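*Asks:* Turn this into a structure:
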Amino acid sequence: MQQRTIGDTQVSAIGLGGMPMSIEGRPDEERSIRTIHAALDAGVTLIDTADAYHRDADEVGHNESLIAKALKSWGGDSSSVLVATKGGHLRPGDGSWTLNGRPDYLKKAVKESARRLGVDAIGLYQFHRPDPEVDYAESVGAIRDLLDEGVIQQAGISNANIEQIDLSQDILGGRLVSVQNQFSPKFLSSRGELDHCAKLGIAFLPWSPLGGISDASELGSNHSAFAEVAKAHDVSPQQVALAWELSLADVVIPIPGASRPESITDSVKAADLELSDDELKALNADATT
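*Replies:* Residues are numbered from 1 along each chain as shown. Reported below is the predicted structural model:
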């Protein structure tokens, strides 16, 4: 599979988003582990997770623990797999989301994430979402401290605007390696951040790159050009969407969520799907905000 770079680490051009395997409507553990194994077998070397990817209040870090279990039971060599996790976003267990960007909380959360993942240092740790109750610089400062202390190996941010990207790069002393924002054919609000990351050489990781859990299956119905290009190549519209995103900049690494082996196996094929200039032009015109 095509390779891309996050900081000093080479990863697969398509990653795996773990959230659907841990929140409401999740599959049983056996199918989730088969899904992760299928991704690894297909060459995926980037897995995205977060301590907030869980369903019930008493299972914080469910997805991190699931990924650790899957990596341990996989028959291959997982030493080249980069697990990227996040902190600062919480789920009380009632389906809602809350925020905690306090430095003391983040420093505690990252150590718990490392324990669940079974690692001495987290490969990539990202501040999940700005907390309006906490100065953004203080939150990112905690990430800098964790990087300096060797608790994390690389640092990123998520759900950030251009100003926050630049501020984080400054606070981290030029060591910001990733930005994870929502981006898909139906959600282009982060295109400015994507282009800014390309200019700076920072990896841009689109979350919900197919439009979200509830809308991913309808991508072809909602975007006719994606359906037409998919038909021409005899592939899924979802593959086309991911290939289109990869074409936007060489820093883009989509992380589609999956809860079935078939889904991630289909998604990774996008890395090798070649689209013509005319097809890209049609896809760009069809993508909407």
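*Asks:* Flag every buried residue along stretch 96-103.
*Replies:* Within stretch 96-103, the residues that count as buried by 16 or more other C-beta atoms under 10 Å are 99, 100, 101, 102, 103. C-beta here means a position set from N, CA and C on the backbone, and glycine is covered the same way.
*Asks:* a markdown table please, covering those residues and showing distance to residue 264.
*Replies:* Compiled in a markdown table, the buried residues of stretch 96-103 are given as follows (distance: C-beta to C-beta, whole Å):
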| residue | distance to residue 264 |
| --- | --- |
| 99 | 29 |
| 100 | 31 |
| 101 | 31 |
| 102 | 35 |
| 103 | 35 |
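*Asks:* With pLDDT as new columns, can these be given to me in a markdown table?
*Replies:* Output for these, formatted as a markdown table (pLDDT from 0 to 100):
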| residue | pLDDT |
| --- | --- |
| 99 | 96 |
| 100 | 97 |
| 101 | 97 |
| 102 | 98 |
| 103 | 98 |
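*Asks:* Which ones among those lie within strands?
*Replies:* Members of the buried residues of stretch 96-103 lying in strands (criterion: DSSP state E): residue 99.
*Asks:* could I get stretch 11-19 in PDB with only the CA atoms?
*Replies:* Presented in PDB, the C-alpha positions along stretch 11-19 are these (Å, rounded to 0.1, in the frame of the first residue of the first chain):
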ATOM      1  CA  VAL A  11       2.400   4.900   7.800                       C
ATOM      2  CA  SER A  12      -0.100   3.500   5.400                       C
ATOM      3  CA  ALA A  13      -2.000   6.100   3.300                       C
ATOM      4  CA  ILE A  14      -5.300   4.800   4.700                       C
ATOM      5  CA  GLY A  15      -5.700   4.300   8.500                       C
ATOM      6  CA  LEU A  16      -8.300   2.700  10.600                       C
ATOM      7  CA  GLY A  17     -10.700   4.600  12.800                       C
ATOM      8  CA  GLY A  18     -11.600   2.600  15.800                       C
ATOM      9  CA  MET A  19     -14.600   4.600  17.100                       C
END
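*Asks:* tell me the mean pLDDT for that stretch?
*Replies:* For stretch 11-19, the mean pLDDT works out to 97.
*Asks:* now do stretch 24-35
*Replies:* 96.
*Asks:* how about it as PDB, C-alpha atoms only?
*Replies:* Extracted in PDB, the C-alpha atoms of stretch 24-35 (Å, rounded to 0.1, in the frame of the first residue of the first chain):
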ATOM      1  CA  GLU A  24     -23.500   2.800  20.500                       C
ATOM      2  CA  GLY A  25     -24.400   0.100  18.000                       C
ATOM      3  CA  ARG A  26     -20.900  -1.500  18.200                       C
ATOM      4  CA  PRO A  27     -20.400  -5.100  17.100                       C
ATOM      5  CA  ASP A  28     -19.300  -7.900  19.500                       C
ATOM      6  CA  GLU A  29     -15.600  -8.100  20.500                       C
ATOM      7  CA  GLU A  30     -14.900 -11.000  18.300                       C
ATOM      8  CA  ARG A  31     -16.000  -9.200  15.100                       C
ATOM      9  CA  SER A  32     -14.200  -6.000  16.200                       C
ATOM     10  CA  ILE A  33     -10.900  -7.900  16.600                       C
ATOM     11  CA  ARG A  34     -11.400  -9.600  13.200                       C
ATOM     12  CA  THR A  35     -11.900  -6.100  11.700                       C
END
